[in-house]
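In: turn this into a model:
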Amino acid sequence: MAVDDWREGLDLPGRPVPPRNLHVTLRFVGPADMIGRDRLIAALDTAELGDPFSFRIGRLGGFPKLGRATVAWAAIEKDGGKVAELAGVAEEAVASAGFGYEDRPFRAHLTLARIRPPRDLRPSASMGMSWVGVPVTEVVLYRSRSRGRSTVYDALERFPLARG
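Out: Sure, this is the predicted structure:
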């Protein structure tokens, strides 16, 4: 996988996100019962998701800040605003399913590693620019479960982007 090969070259501190878990979170929902999940699936099933597109991995960043990061991430760039549009569609679907709106603004990123204790990523960030292309062909509703120090993501439903 091109993204994982690029990430390996950065020599980031912390625990890398396993390649099978790399994803862009459009909207985190939190706990949901079966009825809420079914309402969300119905809302996403009827949503206009648009056509397939691609984005590129850009600069390296860190949460809460680059100089004292607990999460290393790569920015989503060169997508023509499509990832943010999909996040807006997901936000509306989540709200219409009864889960309310997110308080924080959407920030398109790909989580690369979790870092404890916090570290300064500025030296890595100067080497972090890449133009690895990533195709986007579907939106996936995942259930996440913690297993010790790792997280398992189960795909509950897939929503293909339209073929235009």
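In: ok, for the residue nearest the centre of the chain, nearest residue in space, not its chain neighbours?
Out: For the chain, the residue whose C-alpha lies nearest the mean C-alpha position (C-alpha atoms, centre = their mean) is residue 24; its distance is 1.7 Å. Across the structure, with C-beta to C-beta, 6 or more residues apart in numbering as the measure, the residue nearest residue 24 apart from its sequence neighbours is residue 110 (5.8 Å). For every residue, glycine as well, the C-beta is placed using N, CA and C.
In: residues contacting the one you found?
Out: 3, 22, 23, 24, 57, 73, 74, 76, 134 (C-beta atoms under 8 Å, 6 or more residues apart in numbering).
In: over to residue 79?
Out: Applying C-beta under 8 Å, 6+ apart to residue 79 gives the contacts 53, 54, 55, 56, 108, 136.
In: what about the fifth one, neighbour count?
Out: So that's residue 108. By the criterion of other C-beta atoms under 10 Å, residue 108 has 21 neighbours.
In: many thanks, I have nothing further to ask.
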